[in-house]
Each structure stands twice: as structure tokens, then as C-alpha cells.
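Asks: what follows is a predicted structure for the sequence shown.
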Amino acid sequence: MTSQYGNLIDGEWVSTPEVNVNINPSDTDDVVGRYARGGRDDAVRAIEAARRAFPAWARSVPLDRHDMLMRASAEVLARADDLGRLLAREEGKTLVEGVGEARRAGQVLAFMAGESLRIGGERIQGLAAGSDAEVTREPLGVVAVITPWNFPIAIPAWKIGAALAYGNCVVFKPAELVPGCAWALTDILHRAGVPRGVLNLVMGSGSKVGAVFAEHEDVDAMTFTGSVPTGRAIAAACVAGPTMKRMQLEMGGKNPLVVLDDADLDNAVECAVNGAFYSAGQRCTASSRLIVTAPIHDRFVNAVIQRLKSLRIGHALDPENHIGPVVDQRQLDIDLSYLDIGQRENARLAWGGDRLQRPTPGFYLQPALFTDVEPGMRIAREEIFGPVATVLKVKDYEEALAVANDTEFGLSAGICTTSLKYASHFKRNSEAGIVKVNQGTSGLDFHLPFGGRKASSYGPREQGRYAAEFYTIVKTSYTSPGQP
Ligand SMILES: NC(=O)C1=CN([C@@H]2O[C@H](COP(=O)(O)OP(=O)(O)OC[C@H]3O[C@@H](n4cnc5c(N)ncnc54)[C@H](OP(=O)(O)O)[C@@H]3O)[C@@H](O)[C@H]2O)C=CC1
Ligand SMILES: O=C(O)CCC(=O)C(=O)O
């Protein structure tokens with residue numbers, strides 16, 4: 001049987017003999033669809049098509065790029081309920097989260113449409129008499145987009161939207177677990193008028209399609225979101241060839257949420273529960289380390305547990321549920337192994353961690369809260385990427401800050417406090433790319449720069465106007481009037 005949903009290469013939908021069967025993690029008997037599984041040859045053909053399309057697309061009229069992205073945005077927004085449903089079905093986010101993410105994808109495309117009109121530069125007087133300099137931005141060429149499964153439509157939209165807005169061609173490889181949203185987004189952009197070869201979708205495995213994108217010399221830049229080990233492997237391949245590729249790598253996190261004695265307890269509990277457990281904790285910005293000062297610790301932990309007891313975990317498409325399944329058996333096994341590791345490290349499993357049975361066969365796990373966690377424990381240092389959070393008790397703000405920064409990661413960090421002094425100090429001294437005060441560490445605005453420090457990120461920021469730093473290359477031109 002060939003695939004029902006093909007790859008888009010050089011403007012044509014192409015099916016493949018190998019098929020990726022897309023399974024619903026809420027109900028493994030439910031087949032979402034049969035998607036193409038391309039190989040190395042498909043990846044090369046896509047890159048060649050993008051290379052051929054680039055000169056014309058680079059010279060395209062900004063208003064045409066704007067209008068095309070706006071048409072795509074309008075369709076994504078108009079179909080947000082259906083796309084959100086598809087997302088919930090293939091990834092396991094709840095319906096509310098899925099629809100919210102689809103809307104965000106539509107909004108980000110509209111923002112990037114505007115960016116295609118706002119690309120600007122500078123004119124600076126040169127040092128020599130009569131010399132003027134212009135600093136302008138040009139597209140890079142062919143950009144490879146490799147995305148993870150946990151934000152199946154928003155991350156592709158913010159990468160592809162930016163790449164196209166600034167005049168680049170794209171070869172796109174989504175995570176194999178979530179081909180549905182990637183296909184739908186590509187189809188929308190294709191019908192919105194993206195010319196032949198400018199956007200190519202190659203669904204297939206990371207080790208085949210992704211590896212070709214990283215190695216091929218006709219790819220000029222790589223934007224990747226995923227795990228740290230994959231990011232490092234891709235980075236090595238991107239610099240190994242004759243032309244080193246520009247890279248933007250967004251990777252993992254082990255994000256701290258500090259809760260001080262003076263915090264508004266209800267708000268702190270909401271930030272913690274939402275940040276750590278919604279989307280089944282499968283966010284690189286998840287609040288997986290809750291760092292709590294001693295006087296408020298027991299009240300906070302009890303309140304979090306009470307809140308967790310009120311959450312319904314079940315089928316992602318049931319609007320009554322707050323948290324869906326984890327994405328697949330592999331992720332479930334990882335989560336369960338960390339529950340075991342935590343208990344062997346003598347942390348206390350204060351709540352949850354049970355494998356849940358529901359009417360449909362799915363990967364359901366009760367949110368788990370560890371207390372009595374020490375900063376050196378593996379559960380406090382390694383990214384789990386599931387509904388498992390740790391509580392670390394600290395003496396005071398100074399210790400909280402030190403523990404918050406004591407990590408190889410640096411994506412997002414939060415603090416719950418009513419003290420301006422501590423909030424301001426934390427904003428200045430947190431070693432994270434994103435700092436939130438009295439807000440959860442997850443849930444970011446699409447018009448603001450997104451990215452981390454340390455092992456979490458490499459290269460220029462994504463999103464907002466800052467995306468131009470990655471997706472364009474600066475040219476400096478000098479002009480003298482010449483002889484009169
Ligand atoms: N910082 C951020 O912005 C975010 C980071 N993440 C991180 O992503 C991880 C979870 O996502 P997950 O999809 O499992 O991450 P992976 O790193 O496993 O995969 C990410 C993407 O890379 C592809 N890939 C895998 N191997 C290679 C390779 N050798 N060459 C090129 N591409 C390859 C995957 O393809 P395939 O599907 O075939 O495996 C997938 O499309 C978490 O660690 C999380 O923290 C997630 C979202 C946001
Ligand atoms: O938290 C967000 O809004 C999105 C960030 C993201 O991409 C992630 O957490 O995986």
C-alpha cells in the first residue's frame with residue numbers, strides 16, 4: 001500500500017512505497033492516516049528543487065510573499081478547530097491545547113507576512129570623504145527545517161513562515177510521530193500560492209532525510225528543534241562539509257520555577273501545575289524543577305497535590321479532560337524509568353506516577369510530583385519530557401537562585417514573588433534565555449524572541465523581529481560618488 005498523504009517535492013505531491021502509519025496516542029486502535037516515508041533520494045531531489053527555485057524567489061516582490069502568507073494564515077485560523085483536532089488526535093495534546101496551538105500557527109504566519117514588508121536596513125556615512133555605506137539584508141538560500149513532535153504545527157509555522165517571508169526556500173522534515181499537521185500546513189501554504197520548489201516537504205526518518213539535510217552542500221542553513229543529542233549530531237554534520245551551514249538549534253530544558261515565601265500561593269500553584277503538567281509535561285519550557293523556600297514549602301506542595309487531584313487525565317479529544325496521554329510507548333517508558341530512578345535516589349513520590357487505564361488503549365500516565373529532591377539527583381538534572389516534576393526545598397532567595405542556575409540548560413526560568421527586589425534581581429541574574437515573573441515557564445508570545453542559553457540553544461533567536469538575524473544575511477555596500 002502506498003501513502004495516502006505524499007511528500008511535496010518540486011511542486012508535486014509524491015507518494016512513497018514505504019508508509020508511516022500515524023497512530024493516535026489516546027487510542028492506539030485509531031489510525032490517523034498513512035503518510036509518506038521518504039528516503040535519501042527524496043531529500044536530495046527536494047534540496048535540488050529548492051536550489052533551482054531560489055534565485056526567482058529571492059527576487060520576489062515582498063507584497064506577493066506577504067499576501068501568500070496572509071492567505072495561508074487566514075486558512076489556518078478559519079480551520080483552527082479541525083487542525084487542533086488533528087493535532088490532538090496525532091500528538092495527544094488536549095483539544096483546547098490543540099486548537100490554541102493551531103491558532104498560534106495562524107497568528108505567527110500573519111506576523112511573518114508583515115515581516116516580509118518590514119525587512120529593512122541602515123544607511124551609515126563611511127569613513128572616507130563622500131563615502132556612504134548601506135547595510136542591507138538578503139535571504140540565505142535553502143533553509144532546512146527539522147522539527148520535533150511536541151508542537152507539530154506551531155514550530156513548523158514559525159520556522160517556515162519566517163524562512164519564506166525573508167525570501168528563502170525551504171526543505172522541511174517534520175518528526176515522524178506527527179506527519180498530519182506538517183502535511184496540512186504544507187498543503188495550505190502550497191494552495192496559498194507558494195511557487196514550485198520554494199517549499200518542499202520530505203516526511204521520513206531523521207537518520208535518512210534529516211541526515212541528508214544536515215550534510216548536503218546545497219543547504220545553506222539549518223533550523224532545528226529537538227533533543228540535545230540530535231542537535232549536536234546535526235551541528236557536527238552542518239560544519240563538516242566544504243561550506244559550513246548557518247545553524248539555529250533549539251534543544252532541551254530543565255526549567256526552574258522559584259516560589260518564594262511572599263508569593264501569591266494560588267497563582268504559584270497555577271503556574272507550577274500548568275507549567276509542569278499540561279501538555280503532559282512535553283514542553284521544552286516545562287517547569288520541571290519547582291524550587292520552593294522552606295516556610296512556604298509544605299503549603300505549596302499540599303496545594304499542588306490538591307490541584308493535581310482535580311485534574312482529569314484521559315482521551316485528548318474528550319473536552320472534559322485536562323491532560324492527554326504521553327506521545328508514545330517510548331516516551332512512556334522514559335517517564336516510567338525516571339519514576340523508578342527518582343525513588344531509587346530516595347526522592348519521595350508525593351503524588352501520582354501510576355500508569356492509568358482508560359476505555360481506549362493509550363499511553364496514560366498520572367502526573368507525578370517528587371519532593372525531598374536534592375539538586376544533584378538525576379531527576380533534578382536530566383530532561384524527562386513527561387508529566388514528572390521535582391520539588392527542591394531551599395532556605396532563601398539566594399539559595400533558590402543558585403539552584404535555579406545550577407543546570408546545563410538555560411531555556412526558561414520563572415519566579416513567583418510579590419517582591420520587586422527579588423523579581424528584578426532574578427531577571428538580571430537568571431542564566432536562562434526567557435525569564436517570567438509570576439507566570440509559568442511555558443506559554444510564549446509569537447511576536448517575541450524565543451531561545452535559550454547554555455546547552456538549550458545555539459545560534460540566533462527564533463520568532464518576532466529577531467528571526468531576521470537567522471533567516472537573512474547582512475550585506476555592507478560602500479558607495480562613492482566617483483569623479484564629477
Ligand atoms: N528548545 C525548544 O524550542 C524545544 C525543544 N524540544 C526538545 O525536543 C525533544 C523532543 O522532541 P523529539 O522529536 O523527540 O527530538 P529528536 O531530537 O529526537 O527529534 C527532533 C527531530 O530531529 C529529527 N532527527 C532525528 N535524528 C536525526 C538526525 N540524525 N539527523 C537529522 N534529523 C534527525 C527527528 O526525526 P524523527 O522523527 O525521524 O526522529 C525529528 O524530526 C526534547 O528534548 C525537547 O526538549 C522540543 C520542542 C521545543
Ligand atoms: O512554551 C511554549 O509556548 C512553546 C515552547 C516550545 O516550543 C516548547 O515548550 O516545546
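Replies: Done, it's in. Ligands and ions are numbered 1, 2, ... in the order given.
Asks: residue contacts, Val239?
Replies: Lys245 (CB atoms under 8 Å, 6 or more residues apart in numbering). (C-beta placed from N, C-alpha, C; glycine too.)
Asks: give me the element it is part of.
Replies: Mapping Val239 onto the secondary structure by DSSP states H and E places it in helix 228-240.
Asks: ok, how many other residues are close to Lys245?
Replies: By other CB atoms under 10 Å, the residues close to Lys245 number 25.
Asks: and Thr2, what pLDDT?
Replies: For Thr2, the model assigns a pLDDT of 59.
Asks: contacts for the following helix or strand past the helix holding Val239 next, please.
Replies: Where DSSP H and E defines the elements, the next helix or strand beyond helix 228-240 is strand 246-250. For strand 246-250, contacts defined as CB under 8 Å, 6+ apart pick out 140, 220-226, 231, 234-235, 238, 284, 450-452, 456-460, 462, 470, 473.
Asks: quick one, which of those are buried?
Replies: 140, 220-226, 231, 234-235, 238, 284, 450-452, 456-460, 462, 470 (16 or more other CB atoms under 10 Å).
Asks: these: which ones sit near ligand 2?
Replies: Cys284 (CB under 6 Å from any ligand atom).
Asks: follow-up on the earlier one: among the contacts of strand 246-250, which are in helices?
Replies: Using DSSP state H, the subset of those located in helices is 231, 234-235, 238, 470.
Asks: pick the one among the residues you listed closest to Ile188.
Replies: Phe470 (23.3 Å; CB to CB).
Asks: need the contact list for that closest one.
Replies: 162, 221, 223, 246, 248, 459-462.
Asks: pick out the most distant pair among these.
Replies: Farthest pair in the contacts of Phe470, by CB to CB: Ala221 and Arg461, 14.3 Å.
Asks: how about the residues of the stretch 51-200 of the chain by ligand 2?
Replies: Residues of the stretch 51-200 of the chain lying close to ligand 2 (CB under 6 Å from any ligand atom) are 150-151, 155.
Asks: nearest residue to the middle of this protein?
Replies: Ile155 (5.0 Å; CA atoms, centre = their mean).
Asks: for that one, what is the enclosing helix or strand?
Replies: Using DSSP H and E, Ile155 falls in helix 154-165.
Asks: give me the contacts around that helix.
Replies: So helix 154-165 is contacted by 65-66, 68-69, 76, 101, 104-106, 108-109, 111-113, 115-116, 143, 145, 147-148, 169-170, 172, 174, 181-182, 185, 189, 194, 198-199, 223, 225, 446, 462-463, 467, 470-471 (CB under 8 Å, 6+ apart).
Asks: so how far is the top strand by length along the chain off the chain centroid?
Replies: Ranked by residue count, the top strand of the chain under DSSP state E comes out as strand 27-36. In terms of CA atoms, centre = their mean, to the nearest Å, the centre of strand 27-36 is found 23 Å from the chain centre.
Asks: what helices or strands is it leaning on?
Replies: strand 19-24, helix 80-91, helix 179-191 (3 or more CB pairs under 8 Å, 6 or more residues apart in numbering; DSSP states H and E).
Asks: mind listing what's buried along the last one?
Replies: If you call a residue buried by 16+ other CB under 10 Å, then helix 179-191 has these buried ones: 179-190.
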